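Visitor: need a 3D model of the sequence below.
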Amino acid sequence: MLNKYPMWKNIMVMLVIAVGAFYAIPNLFGEDHAVQVVATRGAEVTTSTQTSVIELLESKGIAVKRAELTNGQLLVRVQNGEQQLTAKEAIADSLGNKFTVALNLAPATPEWLEALGGSPMKLGLDLRGGVHFLMEVDMSEAVRKMEEAKIADFRSQLREEKIRYAGVRKTPKGIEIKFRDADTVAKAEAYLKTRGNDMTFADASEGDNFVLRANMSEVYVKQIKEEALQQNIITIRNRVNELGVAEPVVQRQGAERIIVELPGVQDTARAKEILGATASIEFHMLDDKADPSAAASGRVPAGSQVYPRREGGIAVLKKEIMLTGNHITGAQPSFDEYSRPQVSINLDAQGGNIFSNVTKDNIGKPMATLFIEYKDSGLRNPNGTVKMTKIEEVISVATIQARLGRNFVINGLEHAESQNLALLLRAGALIAPVTIVEERTIGPSLGAENIQNGMQAMIWGLAIVLIFMMIYYRAFGIIANIALLANIIMVVGVMSMIPGAVLTLPGIAGMVLTVGMAVDGNVLIYERIREEILAGRSVQQAIHEGYANALSTIADANITTFMTALIMFAVGTGAVKGFAVTLMIGIATSMFTAIVGTRSIVNAVWGGKRVKKLSI
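Guide: Sure, this is the predicted structure:
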């Protein structure tokens, strides 16, 4: 028996290792200190902005390594951290408040390597530095909004069925619908029960007071909270992406909280600005029968509410929400035929149907657009959380001229306001407001120290393993060491290739663990080869049997570890996920290098020859 690989297998092994090495190379170039410029309030970053920024920095003696204008964002690389801070202050003073200027770290990968798809591993917050927020979703507000929507649904459903009711209102005991007699209560209860099983109904009539009480089921409340959390995660992620933060981490923690990590962002104010962009809109009918002066003095009609107008004064709106920003799928700033700024809105199918029915029944009546925004008040609640201020104002009132569908416009805005509103609506509306319960800024120096300590641990661990394998297994130990080095390169390469993979400090621990685990397979194979030789097998037979018989044991051990890491990745968060990702990649690459890689080298050195003795 002669152990030889066909040429295609040897080429495959070399090709796989070469691809891993190519994608690992960008990690050797480190990162540049950079300043990021993003336009806000209707401004735009152009080539002239880039030119003026470069000229400004050169006039202050700051050498610009590279300036890149991509996706409407300008990234200016400078020599060091001191120049970065100086450059940020100078650019911010020069451009004014229509631009946001933030500190960042940018990969120093050469342009030719970037053009070929090479990019370094994405580093987590504990390695790169940045901003960490723990945010809590106001679930009571999510439930309240759904109750308001249910009130609107009950009114429209009862009107459609031509069941007369005296009023619908929210009380501490639930949603109460008043009727004129008991027969109508029974008829309404029977009909509304057929419209969905997410509500429970009970006849709460007392004497001549005929009332049907509706409450959300526990299952439905739980579903509302879960959907609110998931939708807020998606919305916050969209907001961060829209505003240009690279490699953000947005994930849930528990039932009501969201973790937001912005690696590389050292400007906390900039991060708060990103996360504070929690604007949404609601459409209400204007109560044109109400007296504004009387409402201003506190005499507000039942079912209506007073809101301030952006241009001054007040507006009395019906409490019933006709449509929310949750149904908006697209929003673009534009101009009407008189060159006045407006926002063109696109709705999803459900929102289009709702809006069509609402406007059909209210042609000739005024409808208002209510703008809602939650901002950091700068104060703290007694429990230490950030106190958010809710700002509500009417930005436009327009008469419904015709039945509207999935596409319409909002006007009455300034140019900058239309740009900003379109961006926020395009990124989505938060189902419920969020508050920042924890805020932490990690400096790049701490991240550098973590990297240095982690690398030292890996180097020492690697050195000990290399020395042991070389002494104990001699020539075969050298082959195992070559495979181990190739394995580390491949782990780094695969981590760099996967878009969602982020290396954290526990991830480095996973790489250190992989160093030890990577030689386990070789130890099993080599010990089996030794046993076969002692049993009287020839060298070629011993090599063959060693690899063939040890394979099942190696596979079993690695598959069970891989499944454990997969479960950690599925249910874990943050640091646990980082460790699991690195461990899974390390297991996959170590099996390849330990079994296929070393076999390829062993076959090339000893295969096809009549060897009487092995250096093992």
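Visitor: where does pLDDT dip in the stretch 151-300 of the chain?
Guide: Within the stretch 151-300 of the chain, the stretches with pLDDT under 70 are 238-239, 241-247, 264-279.
Visitor: now do the helices in it.
Guide: 182-193, 218-242, 268-275, 292-296 (DSSP state H, counting those that start in this stretch).
Visitor: tell me, please, the helix or strand in the chain that averages the lowest pLDDT.
Guide: Every helix and strand in the chain was compared by mean pLDDT, DSSP states H and E; the lowest is helix 268-275, with a mean of 61.
Visitor: can you tell me which residues contact the spatially closest residue to D32 that is not a sequence neighbour?
Guide: Leaving aside its chain neighbours, D32 sits nearest to R77 (4.1 Å; criterion: C-beta to C-beta, 6 or more residues apart in numbering). Any C-beta I mention is one placed from the backbone N, CA and C, and that applies to glycine too. Neighbouring residues of R77 by C-beta atoms under 8 Å, 6 or more residues apart in numbering: D32, H33, A34, V64, K65, R66, A67, E68, A106, A108.
Visitor: likewise R440?
Guide: By C-beta under 8 Å, 6+ apart, the contact set of R440 is V131, H132, F133.
Visitor: partners of the first one in the sheet?
Guide: Beta-bridge partners of V131, counted by DSSP bridges, are L262, T441.
Visitor: any idea how far it is from A34?
Guide: V131 is 16 Å from A34, where distance means C-beta to C-beta, to the nearest Å.
Visitor: before we move on, what about the last one?
Guide: Look at F133 and A34: by C-beta to C-beta, they are 22 Å apart.
Visitor: A67 belongs to a strand?
Guide: Yes: looking at A67 with DSSP: H, G, I helix; E, B strand; the rest coil, it is inside a strand.
Visitor: count of residues packed around the nearest residue to it once chain neighbours are set aside?
Guide: The shortest distance from A67 to any non-neighbouring residue, by C-beta to C-beta, 6+ apart, is to V76 (4.9 Å). Residues near V76, counting by other C-beta atoms under 10 Å, number 29.
Visitor: for V76, pull up the helix or strand it's in.
Guide: In this assignment (DSSP states H and E), V76 forms part of strand 73-78.
Visitor: could you measure from V519 over to R530?
Guide: For V519 relative to R530 (C-beta to C-beta), the value is 15 Å.
Visitor: which of the two has more neighbours?
Guide: Set V519 next to R530 and count neighbours by other C-beta under 10 Å: V519 wins out with 25 against 16.
Visitor: where does the more buried one land on pLDDT?
Guide: Note on V519: pLDDT of 86.
Visitor: longest helix of this protein?
Guide: For the chain, the helix with the greatest residue count under DSSP state H is helix 444-497.
Visitor: same for that helix, what does it pack against?
Guide: helix 7-24, helix 125-128, helix 505-518, helix 520-534, helix 575-591, helix 598-606 (3 or more C-beta pairs under 8 Å, 6 or more residues apart in numbering; DSSP states H and E).
Visitor: what's the second one in contact with?
Guide: Outside helix 125-128, the residues that touch it by C-beta under 8 Å, 6+ apart are 31, 105, 131-132, 249, 261-264, 442, 444, 446-447, 450-451, 454, 503-505, 508, 575.
Visitor: just the buried residues from these, in PyMOL please.
Guide: Command for PyMOL, covering only those of the contacts of helix 125-128 found buried under the criterion 16 or more other C-beta atoms under 10 Å:
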select buried, resi 31+105+131+132+249+261+262+263+264+442+444+447+450+451+454+503+504+505+508+575
